[in-house]
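Asker: please work out how this folds:
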Amino acid sequence: MIEVRSSLSLAGPEDAAEIAAAAAARARRARGAIATLLLGAVAIAFAPIFVRLSELGPVATAFYRMLFALPALWLWYGIERRRHQRRAHPATPLLQPTGSASSPQG
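Answerer: Next up, the predicted model:
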């Protein structure tokens, strides 16, 4: 029979403090994520009211909403692109042709 041991039983007091600090940090991030989610839901809920109160038509209002969102979306795109570039292995670019597909047959 295989015996399974938890990592906490092998950890010392210093390791337990690090594990507790990491758990507390995860809990703070989770609370922040829930608050952000609720704020986004409230913003989406009030969007039709703001469109109705706008002096522009609905199409123009939608255009300006997208226009004003572009800087934030570009920033988000740049951050995500850098994150994924760091994860990619430097020796294998994503679009590197393979030997069999790029070699001439003859």
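Asker: elements contacting the helix or strand containing Ala24?
Answerer: Element membership of Ala24 [criterion: DSSP states H and E] is helix 13-53. Here helix 13-53 is seen to pack against helix 58-87 when contacts are counted using 3 or more C-beta pairs under 8 Å, 6 or more residues apart in numbering; DSSP states H and E. (C-beta placed from N, C-alpha, C; glycine too.)
Asker: elements contacting the helix it packs on?
Answerer: Packing contacts for helix 58-87, counted by 3+ C-beta pairs under 8 Å, 6+ apart, involve helix 13-53.
Asker: the helix it packs on - what's its average pLDDT?
Answerer: The predicted model gives helix 13-53 an average pLDDT of 84.
Asker: that one vs helix 58-87, what angle?
Answerer: Between helix 13-53 and helix 58-87, the angle formed by their directions is 160 degrees, by axes from the mean of the first three to the mean of the last three C-alpha atoms, to 10 degrees.
Asker: quick check: domain ranges of the chain?
Answerer: What the record gives for the chain is the domain set 20-53, 56-87, from automatic domain parsing.
Asker: can I get these in JSON lines including mean neighbour count and distance to Glu14?
Answerer: Rendered in JSON lines, the data for the domains of the chain read as follows (neighbours: other C-beta atoms under 10 Å; distance: least, C-beta to C-beta, whole Å):
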{"stretch": "domain 20-53", "mean neighbour count": "10", "distance to Glu14": "11"}
{"stretch": "domain 56-87", "mean neighbour count": "10", "distance to Glu14": "30"}
